[in-house]
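**Q** Dropping a prediction and its sequence here:
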Amino acid sequence: MALKLRRLSNALGVEVCDLDLRKPMSESTFGEIYSAFLQYGILLFRNQDISREQHIEFSRRFGELDDHASLPRDRHPDYPEILLVTNRPNPDGTPSESRYTGRSWHTDMSYTTRPALGSLLRCYNLPEVGGDTLFANMYLAYDTLSEGMKKLIADLHGIHLSGTRKINVADAGEARRAEVMKLNPPIAQPVVRVHPETGRKALYLGEKVKRFDGMTEEESKPLIDYLNRHATRPEFVFRQQWRENDLLVWDNRCTLHQALGDFDETQLRHMERTTVLGTPSGYIAAA
Ligand code: SIN
């Protein structure tokens with residue numbers, strides 16, 4: 001079966017049209033899906049009224065799933081493979097721990113030694129307007145650097161920290177932040193990562209990186225800021241405007257993303273994500 005694909009932006013992403021993920025899928029159709037995933041970095045499947053089991057089952061075709069032990073409070077209580085990204089209050093009325101998840105540029109689980117290969121985010125509930133997510137193509141970010149800059153960053157490692165979200169640090173509480181930081185020591189990842197399947201080089205940074213290994217924050221900041229600004233230029237970005245029952249799949253090894261706070265926080269935004277484990281990368285760094 002030849003997949004019907006529709007480009008989502010000049011930089012990255014395709015919609016896979018006319019496919020019902022509730023129906024059985026042959027190996028060859030999944031092979032085409034996986035090739036499109038490697039080629040375009042993002043796949044959008046619209047109108048997928050799938051169950052949680054179907055979400056998990058489809059995700060497993062991409063690889064072994066994370067049980068989200070690094071974020072125990074954000075896991076679905078009955079499905080450890082599912083991470084909640086929601087502003088729905090907890091049953092006891094307290095605010096959801098995950099209401100600000102993803103609000104800075106990042107790539108999933110980069111603060112672990114087995115950062116994510118991919119993520120599959122299902123949209124359940126949306127505010128009336130907004131609640132969008134931005135994605136940036138990190139191959140383009142790398143390819144468009146000067147040869148001098150490529151040389152300068154070739155051997156650098158960025159220290160990736162968990163719990164450095166811009167907004168919820170104070171808001172979510174120090175206890176949660178301390179718990180997440182304890183579970184996840186700082187991890188040094190190469191700033192230039194070779195994608196294990198395509199062999200292409202991609203920038204691997206984001207706003208969880210505050211310094212390079214062996215350098216101070218003050219020394220590192222100007223270059224980190226420059227690279228993040230360069231990587232997220234509008235021409236490298238796709239903006240996902242969600243619809244309910246969208247399933248969006250992205251390759252964390254060559255993209256960054258950021259959930260926007262561009263909506264009325266009194267309205268429900270409820271998303272559920274599975275995370276596909278990647279190949280080991282990086283090492284534990286001195287704090
Ligand atoms: C995430 O970073 O996985 C969440 C993205 C979103 O909620 O749009």
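**A** On my side now, so go ahead.

**Q** now could you export just the CA positions of stretch 194-201 as PDB?
**A** Extracted in PDB, the C-alpha atoms of stretch 194-201 (Å, rounded to 0.1, in the frame of the first residue of the first chain):
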ATOM      1  CA  VAL A 194      24.800  11.300  14.700                       C
ATOM      2  CA  HIS A 195      21.400   9.800  14.100                       C
ATOM      3  CA  PRO A 196      21.800   6.100  14.600                       C
ATOM      4  CA  GLU A 197      19.500   5.200  11.700                       C
ATOM      5  CA  THR A 198      19.900   7.900   9.000                       C
ATOM      6  CA  GLY A 199      23.600   8.600   9.800                       C
ATOM      7  CA  ARG A 200      22.900  12.400   9.500                       C
ATOM      8  CA  LYS A 201      24.300  14.900  12.000                       C
END
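
**Q** now it: how far from the chain's centre is it?
**A** Chain-centre distance of stretch 194-201: 18 Å, with CA atoms, centre = their mean, to the nearest Å.

**Q** Would you quantify the distance from the residue in the stretch 1-150 of the chain that the ligand sits nearest to to Thr86?
**A** The nearest approach of the stretch 1-150 of the chain to the ligand comes at Gly102, 2.5 Å away (CB to the nearest ligand atom). (Each C-beta comes from the backbone N, C-alpha and C, glycine too.) Note on Gly102: its distance to Thr86, by CB to CB, to the nearest Å, is 12 Å.

**Q** tell me which parts of the stretch 101-250 of the chain are close to the ligand?
**A** Listed as neighbours of the ligand in the stretch 101-250 of the chain under the rule CB under 6 Å from any ligand atom: Thr101, Gly102, Asp108, Ser119, Leu121, Thr133.

**Q** repeat that for 8 Å
**A** Proximity of the stretch 101-250 of the chain to the ligand (CB under 8 Å from any ligand atom) is limited to residues Thr101, Gly102, His106, Asp108, Ser119, Leu121, Gly131, Asp132, Thr133, Gln240, Trp242.

**Q** still on that earlier bit, give me every residue that touches the residue of the stretch 1-150 of the chain closest to the ligand.
**A** Val85, Thr133, Arg165, His257, Gln258, Ala259 (CB atoms under 8 Å, 6 or more residues apart in numbering).

**Q** which ones among those are found in strands?
**A** Val85, Thr133, His257, Gln258, Ala259 (DSSP state E).

**Q** any chance of the residues you listed in a markdown table, plus distance to Pro222 and neighbour count?
**A** Shown next, in a markdown table, are these (distance: CB to CB, whole Å; neighbours: other CB atoms under 10 Å):
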| residue | distance to Pro222 | neighbour count |
| --- | --- | --- |
| Val85 | 32 | 21 |
| Thr133 | 28 | 20 |
| His257 | 24 | 25 |
| Gln258 | 21 | 20 |
| Ala259 | 26 | 20 |
